[in-house]
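# whatever this is, show me its structure:
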Amino acid sequence: MTESDIGTTSDLMQEVIDIVAAEAMIDRDKLSATARLDELDIQSADYVMILMAVEERFGVYISIDSGFTEAETVGDLVRAVAAKIAEGSGAGA
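Numbers count the residues shown, from 1 in each chain. Next up is the predicted model:
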């Protein structure tokens, strides 16, 4: 998924932002595709809670050593989730 693809996944973006806001207890207004996770003061325990919520919401498995943990922005997080969803939907084909 490229940077330009983010616009086509606005629903996914909003859902991931909702999850990050809820699990990391961050004001939703501070979250956007370009918001840097390190500047949002997201702690490692928050990442685990976000990861679990994403897995539950989208029915995908994301290992802790996946690209998910390498995400630097909320947009990176959305791309990682979208890639896992695509893997999952292609697995049965």
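# skip the chain neighbours and tell me the closest residue to the residue nearest the centre of the chain.
Note on the chain: the residue nearest the mean C-alpha position is Leu77, at 3.4 Å, using Cα atoms, centre = their mean. Leaving aside its sequence neighbours, Leu77 sits nearest to Ala71 (Cβ to Cβ, 6 or more residues apart in numbering; 4.4 Å). (Glycine included, C-beta is placed from N, CA and C.)
# now do the contacts for that neighbour.
Contacts here follow Cβ atoms under 8 Å, 6 or more residues apart in numbering; on that basis Ala71 touches Leu37, Leu77, Arg79, Ala80.
# pLDDT value on it, please?
pLDDT recorded at Ala71 is 85.
# same question for Asp41.
Model confidence at Asp41, expressed as pLDDT, equals 87.
# how much space separates it from Gly75?
Remark: distance between Asp41 and Gly75 (Cβ to Cβ, to the nearest Å) = 18 Å.
# quick one, which of the two is more surrounded?
Between Asp41 and Gly75, counting by other Cβ atoms under 10 Å, Gly75 is the more crowded of the two (21 against 9).
# double-check the more buried one against Ala33; I have them as touching.
Yes. The pair Gly75 / Ala33 is scored as a contact, 3.6 Å apart, by Cβ atoms under 8 Å.
# buried residues, the helix ranked longest in the chain. List them.
Longest helix of the chain, by residue count under DSSP state H: helix 74-91. Of the residues in helix 74-91, Val74, Gly75, Asp76, Leu77, Val78, Arg79, Ala80, Val81, Ala82, Ala83, Lys84, Ile85 count as buried by neighbour count, 16 or more other Cβ atoms under 10 Å.
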